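Q: The following block contains a protein sequence and its predicted model.
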Amino acid sequence: MTPRYSRALSAIALTGAAGLVLAGCGAAPEESSGGESEAQDFKGCIVSDDGGFQDRSFNQASYEGLKAVEEKRQIQVKEAESQAETEFEPNLNSMAQEGCDLTVSVGFLLADTTKKVAEANPDKHFAIVDDQSIKADNVKPIVYNTAEAAFLAGYLAAGASETGKVATYGGMDIPTVTVFMDGFADGVDYYNEQKNADVEVLGWDKESQNGTFLTSFQDSSRAKTVTQNLIGDGADVVLPVAGQAAQGTVDAVTEANNGGDNVRLIWPDTDGYETLDTGKEYVLTSVLKEMSTSVEDVVDQAVDGDFDSGLYVGTLANEGVGLAPYHDQQDSVNEELDKEVQQLKQDIIDGKVKVESENAPKA
Amino acid sequence: MSATTTSPESNQVSAPSPVELTPDDYRRSLLGSTLQSVLAVLVALFLGGLLIAATDETVRESAGYFFARPGDTFTAMWDAASSAYIAMFHGAVYNPDGSGLAGKLYPLTETLTVATPLILAGLGVALAFRTGLFNIGAQGQILIGATLAGYVGFAWQLPVGVHLLVVVVAGALGGAIWGGVVGLIKARTGAHEVILTIMLNYIAINLVSWLLTLSTFQREGSSNPISPPIAETAMFPKLLGDGFRLHWGFVVAVVATVAVAWLLNRSTIGFELRAVGANPRAARTAGISVTKGFVVVMLIAGMLAGLAGTAQIAGTEHSLTVGVAASFGFDAITVALLGRSKPWGTFFAGILYGAFRAGGVTMQTSTGTNIDIVLVVQSLIVLFVALPPLLKLKSRRKEVAA
């Protein structure tokens, strides 16, 4: 070890030690017992899919819903992140063995195992997000008709577009993704019908169910290339339905704006203005899927002893899906367009405008 | 290849350039002593414990007043680490709170269930190591094996017994094709097997994702990327009744271990393979076909990984998804490494890793310790297994300088 190297090391060690000394100077708390608030003996549990609880998307939102009930009602919470699909069953079994009263499974990938574990534990309750294939007395399916909110987003995008071209693409070709794209494309079509306009949708053809997809929800570099191509083709509003990979779209949109173009994006699932670290100024709106609210409601009901296995479908009417505020893009949405979107929302709720998608959950 | 060859003297003789790691060093790190493996596990567990303690909230709180009452910090550290490891033990070996003996031993059967694909794929990797090939492609071989096994499982209707047999053969065949291709290309063109296997992993995963977009591979009335469940007749029967996940695939893993041990140590092919691994030039001079060795070993290695895929499909998962192989193909490399590329070493290393995975679940749910700790411990083990040759390199550098 050379002298210079060891001197550097000792400097680091000294700094570290100093930090420890300073950090360790607090006063010890009084040793006291009791005073603990009375906790509920209800156990609410959650098992993620392989995205984990920090995915800024549906795992995280569902997790926050459960945590909200923990805060509010002092229930006990157990959580298990699945690192791979093979861990779904051990994780769910473990929850049942830990005595969970209600276990939330996040994602359709957990459907088979949830069904199996629910059958083996008829006295325990389960809820599953984004799947409605299980018909059992102790399983509550929670699904969302995202097409309704995406329809509004499509209408808004068409109205806000200057180039007359808007775009969308998906992370994978699966129904929970394409339901966004269907709604978006239909919203644009509806705008064209109403306004006699000719706004074009790139990246998705609802008729043939063909479009642009990545290979995974993690591939943000490919997402960036795809977005650059869409922008190159003239699109100035982009809806990426691609989970974590959509960060690539944020980067591409930011670069396009730095290069003088006016390109905006529409964020899926959560309010992008709040979840994104950078590029939030380009978020026109977000297509919200209020998973935290619905999970919170379901857990709340179960704590009250009112668990039911009826299908929950999030719609515009019950505010399970919706559009986020325009935030920084307020100025690019003129008052008239905003009014039309609000009216359209009411029309969809009232059933005057029908939003149909073969990928949407059926009530 | 025994532990005695790792002594520094013999190194000096066999190493032409004393400051570089020679292929011999790598091979020794794969074939080192059992003691090294055990030590690596213990040290990794200790460091993992420190990490658990450092990330624990109670520990951080009590560290805030460390100088006022240092005992608190140490108690909290001990509590955090020991409770996490005890939970892991309860989840992997013996659960004292279980109902009846069956409930108490349930965790052990979980460990063996998870270990099954790790052992099978690990054997494939170990066998290739012994022939001097770095088979990074177990992941792809598992996937293709699982795909073929899965397709035969859900699409064909065959009588009881025959169906399972055909599924096992299909899985083994799928893996053997995916591995054999590597051996063939390497033998024909000399392309490096590491590149080939890594690339074939990508091809396998994308092939499976594409297949799962076809209606043949999807369930009726659904376009989710998950295949129909395989028929009952195609499943491995449960070894200990329906209450446990442990299935006959584990017996296949035991048989495979015995077979690989026999193949390596008792058969002519095994002798040739080991000769190719020890010194390809000498093997060629002795009249052994090196290229044939590459093809044969990759066929067998792929077959073993394919059986791991079959164990997943017919044993636990019962339907094909892109995630059916988890990260078993990559874990298999570390399993083979820890098992020093010996059949029974790989077997027990597979069980240890199975215990980590099974116990990690309980650790996560009952103590709230982050599951990534398990990954850290596993990675530290690999680091410590690979460390001795690196240290040797350093001491050799010193000698050169002096």
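A: It's in.
Q: For B:Leu164, give me its contacts.
A: For B:Leu164, the contact set (CB atoms under 8 Å, 6 or more residues apart in numbering or on different chains) comprises B:Thr233, B:Ala234, B:Met235, B:Phe236, B:Ala314. No exception for glycine: its C-beta is placed from N, CA and C like everyone else's.
Q: can we see that at 10 Å?
A: B:Leu164 sits next to B:149, B:152-153, B:158, B:230-237, B:248, B:310, B:314 when contact means CB atoms under 10 Å, 6 or more residues apart in numbering or on different chains.
Q: okay, and for the chain, where does confidence drop off?
A: Since no chain was named, I'll use chain A. Counting by pLDDT under 70, chain A has low-confidence residues at A:1-39, A:362-363.
Q: That was the other one, I meant chain B.
A: Applying pLDDT under 70 to chain B flags residues B:1-32, B:389-390, B:393, B:396, B:400-402.
Q: can you give me the strands for it?
A: Using DSSP state E, no strands are found in chain B.
Q: One more: the stretch 251-363 of chain A?
A: For the stretch 251-363 of chain A, the strands defined by DSSP state E, counting those that start in this stretch cover A:264-269, A:283-289, A:312-314, A:321-323.
Q: how close does the spatially most central residue of chain B get to chain A?
A: Centroid-nearest residue in chain B: B:Ala332, 1.9 Å away (criterion: CA atoms, centre = their mean). Here B:Ala332 is placed at a distance of 14 Å from chain A (CB to the nearest CB, to the nearest Å).
Q: A:Tyr169 touches A:Asn210, doesn't it?
A: No - assessed by CB atoms under 10 Å, A:Tyr169 is found out of contact with A:Asn210, at 11.7 Å.
Q: Now the common contact residues for these two.
A: Common neighbours of A:Tyr169 and A:Asn210 (criterion: CB under 10 Å, 6+ apart): A:Gly203, A:Trp204.
Q: picking up where we left off before, now, of the contacts of B:Leu164, which are buried?
A: B:149, B:152-153, B:158, B:230-231, B:233-236, B:248, B:310, B:314 (16 or more other CB atoms under 10 Å in any protein chain shown).
Q: In JSON lines, list the residues you listed along with distance to A:Val287.
A: Output for the buried ones among the contacts of B:Leu164, formatted as JSON lines (distance: CB to CB, whole Å):
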{"residue": "B:Ala149", "distance to A:Val287": "40"}
{"residue": "B:Val152", "distance to A:Val287": "42"}
{"residue": "B:Gly153", "distance to A:Val287": "39"}
{"residue": "B:Leu158", "distance to A:Val287": "47"}
{"residue": "B:Ile230", "distance to A:Val287": "37"}
{"residue": "B:Ala231", "distance to A:Val287": "41"}
{"residue": "B:Thr233", "distance to A:Val287": "45"}
{"residue": "B:Ala234", "distance to A:Val287": "41"}
{"residue": "B:Met235", "distance to A:Val287": "41"}
{"residue": "B:Phe236", "distance to A:Val287": "44"}
{"residue": "B:Trp248", "distance to A:Val287": "48"}
{"residue": "B:Thr310", "distance to A:Val287": "42"}
{"residue": "B:Ala314", "distance to A:Val287": "41"}
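Q: and the stretch 201-350 of chain A, which of its residues are near chain B?
A: Counting by CB under 10 Å from any CB of the partner chain, the residues of the stretch 201-350 of chain A lying close to chain B are A:Gln209, A:Phe213, A:Thr215, A:Ser216.
Q: The spatially closest residue to the first one that is not a sequence neighbour: neighbour count?
A: Leaving aside its chain neighbours, A:Gln209 sits nearest to A:Thr178 (6.9 Å; criterion: CB to CB, 6 or more residues apart in numbering or on different chains). Here the count is done by other CB atoms under 10 Å in any protein chain shown, and A:Thr178 has 27 residues near it.
Q: In contact with A:Thr178, which residues?
A: Contacts of A:Thr178 (CB under 10 Å, 6+ apart): A:146-147, A:168, A:170, A:172, A:185, A:204, A:206, A:209, A:211, A:213, A:241, A:357-360, B:223.
Q: For burial, what's the neighbour tally of the closest residue to B:Arg245 other than its chain neighbours?
A: In space, and not counting its chain neighbours, B:Arg245 is closest to B:Thr113: 4.7 Å by CB to CB, 6+ apart. Look at B:Thr113: counted by other CB under 10 Å, it has 25 neighbours.
Q: same check, this time on B:Thr189
A: Per other CB under 10 Å, the neighbour tally for B:Thr189 reads 9.
Q: now the residue of chain B most remote from its centre: how far from B:Glu57?
A: The outermost residue of chain B relative to its centre, with distances by CA atoms, centre = their mean, is B:Ala68 at 47.1 Å. For B:Ala68, the distance to B:Glu57 equals 18 Å [CB to CB, to the nearest Å].
Q: ditto for B:Leu338
A: Look at B:Leu338 and B:Glu57: by CB to CB, they are 32 Å apart.
Q: Give the residue from these two that has the larger number of neighbours.
A: Ranked by neighbour count (other CB under 10 Å), B:Leu338 and B:Glu57 place B:Leu338 first, with 27 against 10.
Q: Would you format the strands of the stretch 251-363 of chain A as a markdown table with mean neighbour count included?
A: Formatted as a markdown table, the strands of the stretch 251-363 of chain A follow (neighbours: other CB atoms under 10 Å in any protein chain shown):
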| stretch | mean neighbour count |
| --- | --- |
| strand A:264-269 | 27 |
| strand A:283-289 | 27 |
| strand A:312-314 | 22 |
| strand A:321-323 | 23 |
